[in-house]
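Chemist: Starting from these lines, generate the structure:
(chains A, B, C, D, E and F)
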There are 6 protein chains.
Amino acid sequence: MSDIVKEFNDYRSKMNDKILGDNNKIIKRIFNLDTNAYQAGVLDVKTKELLGLVASAVLRCDDCIRYHLENCYKEGLSKEEVVESLSIATLVGGTIVIPHLRRAFEFWDALEQQR
Amino acid sequence: MSDIVKEFNDYRSKMNDKILGDNNKIIKRIFNLDTNAYQAGVLDVKTKELLGLVASAVLRCDDCIRYHLENCYKEGLSKEEVVESLSIATLVGGTIVIPHLRRAFEFWDALEQQR
Amino acid sequence: MSDIVKEFNDYRSKMNDKILGDNNKIIKRIFNLDTNAYQAGVLDVKTKELLGLVASAVLRCDDCIRYHLENCYKEGLSKEEVVESLSIATLVGGTIVIPHLRRAFEFWDALEQQR
Amino acid sequence: MSDIVKEFNDYRSKMNDKILGDNNKIIKRIFNLDTNAYQAGVLDVKTKELLGLVASAVLRCDDCIRYHLENCYKEGLSKEEVVESLSIATLVGGTIVIPHLRRAFEFWDALEQQR
Amino acid sequence: MSDIVKEFNDYRSKMNDKILGDNNKIIKRIFNLDTNAYQAGVLDVKTKELLGLVASAVLRCDDCIRYHLENCYKEGLSKEEVVESLSIATLVGGTIVIPHLRRAFEFWDALEQQR
Amino acid sequence: MSDIVKEFNDYRSKMNDKILGDNNKIIKRIFNLDTNAYQAGVLDVKTKELLGLVASAVLRCDDCIRYHLENCYKEGLSKEEVVESLSIATLVGGTIVIPHLRRAFEFWDALEQQR
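Modeler: Predicted coordinates:
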């Protein structure tokens, strides 16, 4: 099952290279900002990753959810912390978030099995 | 073609079990509410399922559309009633709803072929 | 308090005239469709107005909610039927719908006081 | 300027009473969940309020933003922590979030002047 | 009526100053990008402003619509060009865009009366 | 790789036939409008296709993006013009648009390889 992690990362990495290779300045700067915004500031990286996860969940973007789930996992956040964040996203965003919750749980399982 | 119905339900059921097994109270209560909200009240179940379908369609959630299509089908709503509801969703939500309309028609066909 | 009904309708009517007076064909046809879509078909007008109301609520458009609330009121739908529809919208769309719920309740009160 | 805080809270409180007085069970339970979800769990209240704030910001709901800003303020979160959270929301949600950022800054100022 | 232009610009300008004065690097860079993205490139400024207008309209952000309407006006785009763009936005985004169309027509009138 | 173009068009064409064969008047008229809206008016077809592309991108509809990418390609728009439009969509819509950007780049490559 951990293939869904590899598949996600391979496609993401391949296409990001194509996008960045295209040299559109606005897009490149947005990619840069995306890296900078989640670095430690007055808030630590863990909190910021949970913020990114919840933003992705209420906007219902599976790829964005996966990206932040993987970062949460790498940062050592527990499943309980991640699920508690996702519960807030489901409450704020409504039952329409539930299908994304299913795929989020599947991806988190895949991350754990990867070890 | 009716495989898309089985596939949808199997994955939905498997992942719902995982989510509910995780015991997050907020998520569990939202799942409970989701069952209760569509039961007969001053509005009958058919009307409520059409409301759920239209909400899902304008918010462009394929899985939610499929879920309500299947309930509409089980409740004995006709294709004409379902399509009339989806026509309102397409008008309110715009042409951006059309790709979801395609998948909704495909899923309804699969439901009919399942008999 | 019923001034919010008059104010809403006056502005809506004045600006619709300006928009239609501008003679853009696409916009005029969308306005026409908007009238036709809610007329009786295999579904009755009451059901269609509730569908329009729920679509408006999950998409969080106060003016659209008001428009359908007024039609629901004119069609003789009860407050209980309207609120049951809005409860589904709040569940599907999440707590983010609640501020619109407040304004919907206020508008419905204004409609009732208008008598 | 702190009138915008009072005005917001008065209207919110008055209409919440009307909604809850209407006794729709689904809506009442969603209101209950909304209270429970932000209480301390594996995540502390501060983190949860920031999650609620970011969810509200990317979904562009001014009233929800105000509600969480006020809670953030009461919980003793610093402006810098709040703004860092909002910066993530603006990046994820795009420049379309900026008008809500303006009103968020105005509301935070009003909260500070209230002291 | 042209007061709505002045009011919009005054508030926008005052709050942008507060936001930028706060020195959050991510937000400042997003503001910078927002200026750069609409400058002439392989597409001319007029086309880019219409793109910004349509993006704002389908995402239903009144302030963003006003901002791009004013730029369209300053760039010498005709009302017919602007309305044709808005007709595409209304078709893609659905009737839910119509209330924003009303306010867009009102703002354009105000821009014309300002002369 | 150009199979993703054929696959997309085959499914789209097959399901559109089913939808139109169903004879719901509202849906048929929306399909008609969708054809008319992108024809030359005061704005040329190229500009209108870019408007449709940006609307689709900020609303994050992959199928709609693909549809307009193919039309942009047929109309002779350059990749640079298309990417510049998409950069505005990414800025307005936020990093949540990036996964759709990846699939847009992949589809454009497939269009170019089809020659």
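Chemist: how much space between A:Asn71 and D:Val83?
Modeler: The gap separating A:Asn71 from D:Val83 is 22 Å, by C-beta to C-beta, to the nearest Å. Where C-beta positions appear, they are placed from N, C-alpha and C, glycine not excepted.
Chemist: got it, and A:Asp44?
Modeler: 16 Å.
Chemist: Looking at those two, which is more packed in?
Modeler: When A:Asp44 and D:Val83 are compared for neighbours, D:Val83 comes out ahead with 22 against 11, by other C-beta atoms under 10 Å in any protein chain shown.
Chemist: if I pick the more buried one, what's in contact with it?
Modeler: Residues near D:Val83 by C-beta atoms under 8 Å, 6 or more residues apart in numbering or on different chains: E:Asp22, E:Asn24, E:Ile27.
Chemist: Kindly report the same for A:Pro99.
Modeler: Residues near A:Pro99 by C-beta under 8 Å, 6+ apart: B:Cys61, B:Asp62, B:Asp63, B:Cys64.
Chemist: Not counting its neighbours along the chain, what's nearest the second one?
Modeler: Okay, so that is B:Asp62. Nearest in space to B:Asp62, with sequence neighbours left out and distances taken as C-beta to C-beta, 6 or more residues apart in numbering or on different chains, is B:Arg103 at 5.5 Å.
Chemist: for the one you found, what are its contacts?
Modeler: Counting by C-beta under 8 Å, 6+ apart, B:Arg103 has contacts B:Asp62, B:Ile65, B:Arg66, F:Met15.
Chemist: Tell me which helix or strand the third one sits in.
Modeler: Counting by DSSP states H and E, the element that carries B:Arg66 is helix B:62-74.
Chemist: Would you mind giving the orientation angle of whatever helix or strand comes next after that helix with respect to helix B:62-74?
Modeler: In the C-terminal direction, the helix or strand that comes right after helix B:62-74 (DSSP H and E) is helix B:79-93. Compare the direction of helix B:79-93 with that of helix B:62-74 by axes from the mean of the first three to the mean of the last three C-alpha atoms, to 10 degrees and you get 150 degrees.
Chemist: residue contacts, the nearest residue to A:Cys61 once chain neighbours are set aside?
Modeler: Distances taken as C-beta to C-beta, 6+ apart place F:Ile96 nearest to A:Cys61, at 5.0 Å, with adjacent residues excluded. For F:Ile96, the residues meeting the contact criterion (C-beta under 8 Å, 6+ apart) are A:Ala55, A:Ser56, A:Leu59, A:Cys61, A:Cys64, D:Val58, D:Val92, D:Gly93, D:Gly94, F:Arg60.
Chemist: how about 6 Å then?
Modeler: For F:Ile96, the contacting residues are A:Leu59, A:Cys61, A:Cys64, D:Val92, taking C-beta atoms under 6 Å, 6 or more residues apart in numbering or on different chains as the criterion.
Chemist: Run a quick neighbour tally on the third one.
Modeler: Neighbourhood size, A:Cys64 [other C-beta under 10 Å]: 23.
Chemist: Just read off the phi/psi values of A:Asn24.
Modeler: Per-residue torsions, A:Asn24: phi -80, psi 120 (degrees, to the nearest 10).
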